[in-house]
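Q: Okay, here's the prediction I keep looking at, along with the sequence it came from:
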Amino acid sequence: MNRIAQLFISVFYYKIPKIFGSTYLVFYKILYRSLKVGTNPQIWGKFFITIYEPSHGQVVIGENFRLITSNRRSLIANFFHTKLTVIGAGHISIGNNVSLNGVAITSMNKISIGDNSMIAPNVIITDTDFHAHSLQEDRSKLSGPNIKHSIELGKNVWIGANVIILKGVSIGDNSVVSAGSIVSKDIPPNVIAAGNPASSKSDLN
(Lines give C-alpha, C1' and ligand atoms only; values in the text may rest on other atoms or scores of the structure.)
Protein backbone atom coordinates (compact mmCIF):
# COMPACT_ATOMS: atom_id res chain seq x y z
CA MET A 1 0.00 0.00 0.00
CA ASN A 2 2.83 2.38 0.80
CA ARG A 3 4.36 1.88 -2.64
CA ILE A 4 0.99 2.50 -4.30
CA ALA A 5 0.58 5.70 -2.30
CA GLN A 6 4.08 6.84 -3.26
CA LEU A 7 3.35 6.14 -6.93
CA PHE A 8 0.09 8.10 -6.73
CA ILE A 9 1.86 11.08 -5.17
CA SER A 10 4.67 10.91 -7.72
CA VAL A 11 2.31 10.86 -10.70
CA PHE A 12 -0.47 13.23 -9.63
CA TYR A 13 1.49 15.68 -7.49
CA TYR A 14 4.72 15.82 -9.47
CA LYS A 15 4.74 14.35 -12.96
CA ILE A 16 1.37 15.48 -14.31
CA PRO A 17 1.79 19.12 -13.13
CA LYS A 18 5.27 19.12 -14.67
CA ILE A 19 3.87 17.94 -18.01
CA PHE A 20 1.33 20.78 -17.87
CA GLY A 21 4.08 23.28 -17.10
CA SER A 22 6.31 22.16 -19.97
CA THR A 23 3.41 22.20 -22.41
CA TYR A 24 2.32 25.71 -21.44
CA LEU A 25 5.89 26.99 -21.70
CA VAL A 26 6.27 25.64 -25.24
CA PHE A 27 2.94 27.23 -26.21
CA TYR A 28 3.91 30.67 -24.89
CA LYS A 29 7.36 30.55 -26.49
CA ILE A 30 5.67 29.92 -29.85
CA LEU A 31 3.02 32.59 -29.24
CA TYR A 32 5.36 35.37 -28.06
CA ARG A 33 8.71 36.04 -29.66
CA SER A 34 9.32 38.63 -26.95
CA LEU A 35 9.32 35.87 -24.32
CA LYS A 36 12.88 34.75 -23.57
CA VAL A 37 13.56 31.82 -21.23
CA GLY A 38 16.97 30.54 -20.12
CA THR A 39 18.11 26.95 -19.83
CA ASN A 40 16.72 24.32 -17.46
CA PRO A 41 13.34 25.77 -16.44
CA GLN A 42 11.35 23.59 -14.03
CA ILE A 43 7.61 24.33 -13.97
CA TRP A 44 4.84 22.48 -12.15
CA GLY A 45 1.29 23.28 -13.24
CA LYS A 46 -0.33 25.55 -15.79
CA PHE A 47 0.40 29.27 -15.80
CA PHE A 48 -0.57 32.32 -17.81
CA ILE A 49 1.61 34.79 -19.71
CA THR A 50 -0.11 37.70 -21.46
CA ILE A 51 1.89 40.24 -23.48
CA TYR A 52 -0.69 42.61 -24.91
CA GLU A 53 1.70 44.27 -27.36
CA PRO A 54 4.46 41.74 -28.14
CA SER A 55 6.23 44.26 -30.39
CA HIS A 56 6.76 46.53 -27.35
CA GLY A 57 6.43 44.48 -24.16
CA GLN A 58 8.77 41.71 -23.06
CA VAL A 59 9.24 38.93 -20.52
CA VAL A 60 12.80 37.73 -19.91
CA ILE A 61 13.46 34.77 -17.61
CA GLY A 62 16.93 33.57 -16.63
CA GLU A 63 18.43 30.12 -16.14
CA ASN A 64 17.25 27.47 -13.67
CA PHE A 65 13.83 29.07 -13.27
CA ARG A 66 11.55 27.30 -10.75
CA LEU A 67 7.80 27.84 -10.87
CA ILE A 68 5.25 26.03 -8.71
CA THR A 69 1.85 26.97 -10.05
CA SER A 70 -0.31 23.99 -9.19
CA ASN A 71 -2.58 23.52 -6.19
CA ARG A 72 -1.34 19.95 -6.06
CA ARG A 73 2.16 21.21 -5.26
CA SER A 74 1.21 24.36 -3.33
CA LEU A 75 -1.89 23.82 -1.25
CA ILE A 76 -1.95 27.30 0.33
CA ALA A 77 -1.70 29.32 -2.92
CA ASN A 78 -4.87 31.20 -3.90
CA PHE A 79 -3.09 32.38 -7.06
CA PHE A 80 -1.71 28.92 -7.72
CA HIS A 81 -1.97 29.51 -11.47
CA THR A 82 0.76 32.12 -11.80
CA LYS A 83 0.06 35.14 -14.02
CA LEU A 84 2.72 37.24 -15.74
CA THR A 85 1.09 40.17 -17.54
CA VAL A 86 2.74 42.89 -19.62
CA ILE A 87 0.79 45.94 -20.77
CA GLY A 88 2.08 48.24 -23.51
CA ALA A 89 5.87 48.60 -23.29
CA GLY A 90 6.03 46.88 -19.89
CA HIS A 91 8.97 44.63 -19.09
CA ILE A 92 9.28 41.74 -16.65
CA SER A 93 12.85 40.58 -16.00
CA ILE A 94 13.49 37.50 -13.83
CA GLY A 95 17.08 36.55 -12.99
CA ASN A 96 18.83 33.21 -12.66
CA ASN A 97 17.87 30.60 -10.05
CA VAL A 98 14.63 32.37 -9.15
CA SER A 99 11.73 30.46 -7.55
CA LEU A 100 8.11 31.60 -7.80
CA ASN A 101 5.12 29.97 -6.15
CA GLY A 102 1.67 31.13 -7.21
CA VAL A 103 2.44 34.78 -8.02
CA ALA A 104 0.65 37.53 -9.97
CA ILE A 105 3.04 40.02 -11.64
CA THR A 106 1.75 42.87 -13.83
CA SER A 107 4.04 45.39 -15.54
CA MET A 108 3.25 48.53 -17.46
CA ASN A 109 6.74 49.93 -16.88
CA LYS A 110 9.49 47.60 -15.59
CA ILE A 111 9.70 44.92 -12.92
CA SER A 112 13.00 43.17 -12.26
CA ILE A 113 13.70 40.28 -9.89
CA GLY A 114 17.33 39.55 -9.03
CA ASP A 115 19.20 36.25 -9.07
CA ASN A 116 18.53 33.60 -6.40
CA SER A 117 15.33 35.26 -5.16
CA MET A 118 12.33 33.35 -3.80
CA ILE A 119 8.71 34.50 -3.87
CA ALA A 120 6.09 32.64 -1.83
CA PRO A 121 2.40 32.01 -2.70
CA ASN A 122 -0.26 34.65 -3.22
CA VAL A 123 2.16 37.52 -3.82
CA ILE A 124 1.04 40.44 -6.03
CA ILE A 125 3.60 42.69 -7.74
CA THR A 126 2.38 45.56 -9.90
CA ASP A 127 4.07 48.73 -11.16
CA THR A 128 0.88 50.52 -12.21
CA ASP A 129 -2.34 51.82 -10.65
CA PHE A 130 -4.19 50.72 -13.82
CA HIS A 131 -6.47 53.78 -13.79
CA ALA A 132 -6.58 57.47 -12.94
CA HIS A 133 -6.70 58.60 -9.31
CA SER A 134 -8.99 61.60 -9.57
CA LEU A 135 -12.77 61.37 -9.66
CA GLN A 136 -12.72 64.00 -12.40
CA GLU A 137 -10.71 61.73 -14.69
CA ASP A 138 -11.96 58.75 -16.65
CA ARG A 139 -11.19 55.77 -14.44
CA SER A 140 -12.20 53.35 -17.16
CA LYS A 141 -8.97 54.18 -19.03
CA LEU A 142 -5.54 52.81 -18.16
CA SER A 143 -3.15 55.27 -16.57
CA GLY A 144 -0.10 56.17 -18.63
CA PRO A 145 3.32 54.58 -18.04
CA ASN A 146 5.84 56.29 -15.80
CA ILE A 147 9.48 55.23 -15.54
CA LYS A 148 9.49 56.22 -11.87
CA HIS A 149 6.98 53.47 -11.18
CA SER A 150 9.40 50.64 -11.89
CA ILE A 151 9.97 47.92 -9.29
CA GLU A 152 13.35 46.37 -8.54
CA LEU A 153 13.98 43.35 -6.32
CA GLY A 154 17.66 42.75 -5.62
CA LYS A 155 19.56 39.48 -5.49
CA ASN A 156 18.74 36.78 -2.95
CA VAL A 157 15.50 38.46 -1.86
CA TRP A 158 12.87 36.40 -0.06
CA ILE A 159 9.23 37.54 -0.30
CA GLY A 160 6.81 35.86 2.12
CA ALA A 161 3.27 34.71 1.39
CA ASN A 162 0.47 37.22 0.71
CA VAL A 163 2.80 40.18 0.24
CA ILE A 164 1.74 43.06 -2.04
CA ILE A 165 4.52 45.05 -3.72
CA LEU A 166 3.38 48.38 -5.16
CA LYS A 167 4.80 50.64 -7.85
CA GLY A 168 8.01 52.62 -7.58
CA VAL A 169 9.82 50.62 -4.89
CA SER A 170 13.09 48.74 -4.62
CA ILE A 171 14.04 45.92 -2.24
CA GLY A 172 17.75 45.57 -1.52
CA ASP A 173 19.90 42.46 -1.85
CA ASN A 174 19.47 39.69 0.75
CA SER A 175 16.40 41.25 2.37
CA VAL A 176 13.33 39.36 3.61
CA VAL A 177 9.77 40.71 3.47
CA SER A 178 7.55 39.00 6.03
CA ALA A 179 4.25 37.37 5.12
CA GLY A 180 1.24 39.65 4.72
CA SER A 181 3.24 42.87 4.33
CA ILE A 182 2.50 45.69 1.89
CA VAL A 183 5.60 47.22 0.32
CA SER A 184 4.93 50.84 -0.68
CA LYS A 185 8.38 52.31 0.02
CA ASP A 186 11.97 51.19 -0.51
CA ILE A 187 13.45 48.40 1.61
CA PRO A 188 17.23 48.55 2.18
CA PRO A 189 19.53 45.53 1.73
CA ASN A 190 20.21 42.95 4.43
CA VAL A 191 17.11 43.54 6.56
CA ILE A 192 13.87 41.85 7.58
CA ALA A 193 10.90 44.08 6.78
CA ALA A 194 7.29 43.67 7.87
CA GLY A 195 4.02 45.56 8.25
CA ASN A 196 1.83 48.00 6.34
CA PRO A 197 3.68 49.83 5.03
CA ALA A 198 6.57 47.38 5.32
CA SER A 199 9.55 48.77 7.23
CA SER A 200 12.86 47.36 8.46
CA LYS A 201 12.52 45.42 11.70
CA SER A 202 15.99 43.92 12.05
CA ASP A 203 19.36 43.75 10.35
CA LEU A 204 20.49 40.43 8.89
CA ASN A 205 24.20 41.24 9.28
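A: Perfect, thanks for sending it.

Q: what's the spacing between the helix or strand residue 124 falls within and its chain's center?
A: Element membership for residue 124, per DSSP states H and E: strand 123-126. Counting by Cα atoms, centre = their mean, to the nearest Å, strand 123-126 is centred 7 Å from the centre of its parent chain.

Q: so what does it touch, helix or strand wise?
A: The contact analysis (3 or more Cβ pairs under 8 Å, 6 or more residues apart in numbering; DSSP states H and E) places strand 123-126 against strand 103-107, strand 164-165. For every residue, glycine as well, the C-beta is placed using N, CA and C.

Q: Tell me which of those strands sits nearest to residue 118.
A: strand 103-107 (10.6 Å; Cβ to Cβ).

Q: helices or strands next to that closest one in the packing?
A: strand 83-86, strand 91-94, strand 123-126.

Q: With distance to residue 67 and mean pLDDT added, can I get these in JSON lines?
A: Formatted as JSON lines, the helices and strands packed on strand 103-107 follow (distance: least, Cβ to Cβ, whole Å; pLDDT from 0 to 100):
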{"stretch": "strand 83-86", "distance to residue 67": "10", "mean pLDDT": "96"}
{"stretch": "strand 91-94", "distance to residue 67": "10", "mean pLDDT": "98"}
{"stretch": "strand 123-126", "distance to residue 67": "13", "mean pLDDT": "96"}
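
Q: Export those strands to TSV and append columns for distance to residue 25 and mean neighbour count.
A: As requested, these are arranged in TSV below (distance: least, Cβ to Cβ, whole Å; neighbours: other Cβ atoms under 10 Å):
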stretch	distance to residue 25	mean neighbour count
strand 83-86	12	21
strand 91-94	13	22
strand 123-126	20	21
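
Q: Just tell me which of the ones you listed ends up closest to residue 173.
A: Nearest to residue 173 among these is strand 91-94 (15.7 Å), distances taken as Cβ to Cβ.

Q: Tell me which helix or strand comes right after the lowest-mean-pLDDT helix or strand in the chain.
A: Scoring the helices and strands of the chain by mean pLDDT, DSSP states H and E places helix 2-10 at the bottom, with a mean of 59. Where DSSP H and E defines the elements, the next helix or strand beyond helix 2-10 is helix 16-31.

Q: What are the contacting residues of the helix or strand that that next one is followed by?
A: The element immediately downstream of helix 16-31 (helix or strand, assigned by DSSP H and E) is strand 35-37. Residues outside strand 35-37 that contact it (Cβ atoms under 8 Å, 6 or more residues apart in numbering) are 25, 28, 29, 49, 51, 58, 59, 60, 61, 65.

Q: Sitting in helices, which of those residues do you find?
A: 25, 28, 29 (DSSP state H).

Q: any low-confidence regions in the protein?
A: 1-13, 72-79, 131-148, 202-205 (pLDDT under 70).

Q: Kindly provide the distance from the closest residue to residue 84 other than its chain neighbours to residue 57.
A: Using Cβ to Cβ, 6 or more residues apart in numbering and skipping the chain neighbours, the partner closest in space to residue 84 is residue 49 (4.8 Å). With distances taken as Cβ to Cβ, to the nearest Å, residue 49 is found 11 Å from residue 57.

Q: Check residue 107 too.
A: For residue 107, the distance to residue 57 - Cβ to Cβ - is 8 Å.
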